[in-house]
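Participant: what's the 3D shape of this:
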Amino acid sequence: MKKINLAISGCMGRMGQQLIKSASKDKSIKLVTLTENRVVNKKVNGIKPEYNTEEAFNRANVIIDFTIPKCTFEILKIATKLKKKVVIGTTGFTKKEEDLIKNFSKKIPILKAGNMSLGINLLMYLTEITSASLGSNYLSKIFEVHHKYKKDYPSGTALMLGKGIAVGKNKDFYKMIGKKYLNKKNFPYGNKINFNSIRKGEIIGEHEVTFSSGKEIIKLNHEAFDRALYSEGAITAAKWLIKKKPGLYSMRNLLNFK
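Facilitator: Here you go, the predicted model:
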């Protein structure tokens, strides 16, 4: 079987390092390019990290990107020119930026997910079903915990779960976003979806969706113990995307959730 030539952007970051480990263990993957937004004066896994350039990405079939939005669009511009496929694990995009990604996907295949974990994507599916099944008298809120180094909040996964609530109600998610709290012990339900984010220690990721009618509470939750969950999911996404035509895909498409 022909190996997939893979490029990883943000190679010196926490996810970048984990992606390198997972890619190195997969016999169907050949790691050909590593990029970073700064000079790295050493080889990583036998490869010298470079800046995001046409020359760097031209060696790859697929690019996996876990960086920041500004860097993601830099990569998408190059990938579109070179007709490369891109897996996006970056979070923190605005609605306008989400629309820009859709435009890029008309020209190249893109798989974008706020979380690459099977469990989280199943949780989102269950969140949609629960939201659709409960009446309008049920209010909802989302709680999430991540390590102290994570800068954005709410997490991309929390927002993804919020979107699941909105889809279940057949409403515009961006109009349903409520208050965003940081490091609060308690936070209220609201007519919109409120979020509370905790940043502490080395926690990989915890997410909880709660629905309440005032008479009962329904909780859906997920806890991650190993960052390899996300990197292995991203590698699986890259292998799945290799045969796809231009379009915007998600882990839901890969997992074939209806």
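Participant: how about stretch 11-19: buried residues?
Facilitator: Buried residues in stretch 11-19, counted by 16 or more other Cβ atoms under 10 Å: 11, 13, 15-19. Every C-beta, even on glycine, is put in place using the N, C-alpha and C of the backbone.
Participant: what residues does that stretch touch?
Facilitator: With contacts defined as Cβ atoms under 8 Å, 6 or more residues apart in numbering, stretch 11-19 is touched by 8-10, 20, 34-36, 38, 40, 44, 49, 64, 66-67, 89, 149, 227-228, 230-231, 234-235.
Participant: generate a PyMOL selection restricted to the buried entries among those.
Facilitator: This is the PyMOL syntax for the buried subset of those, where burial follows 16+ other Cβ under 10 Å:
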select buried, resi 8+9+10+20+34+35+36+40+44+49+64+66+67+89+227+228+230+231+234+235
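Participant: roughly how far does the residue most central in space within the chain sit from Met251?
Facilitator: Closest residue to the average C-alpha location of the chain: Gly114 at 2.3 Å, with Cα atoms, centre = their mean. Counting by Cβ to Cβ, to the nearest Å, the separation of Gly114 from Met251 is 9 Å.
Participant: cool, and Cys71?
Facilitator: Using Cβ to Cβ, Cys71 is found at 21 Å from Met251.
Participant: so between the two, which is more surrounded?
Facilitator: Ranked by neighbour count (other Cβ atoms under 10 Å), Cys71 and Met251 place Met251 first, with 25 against 18.
Participant: surely the more buried one touches Leu229?
Facilitator: No - using Cβ atoms under 8 Å, Met251 is not in contact with Leu229, being 11.8 Å away.
Participant: mutual contacts of those two, please.
Facilitator: 116, 118.
Participant: just the element for the residue lying farthest from the centre of the chain, please.
Facilitator: The C-alpha centroid of the chain is most remote from Lys215, which lies 34.3 Å away (Cα atoms, centre = their mean). Using DSSP states H and E, Lys215 sits in no helix or strand.
Participant: ok, it - contacts?
Facilitator: By Cβ under 8 Å, 6+ apart, the contact set of Lys215 is empty.
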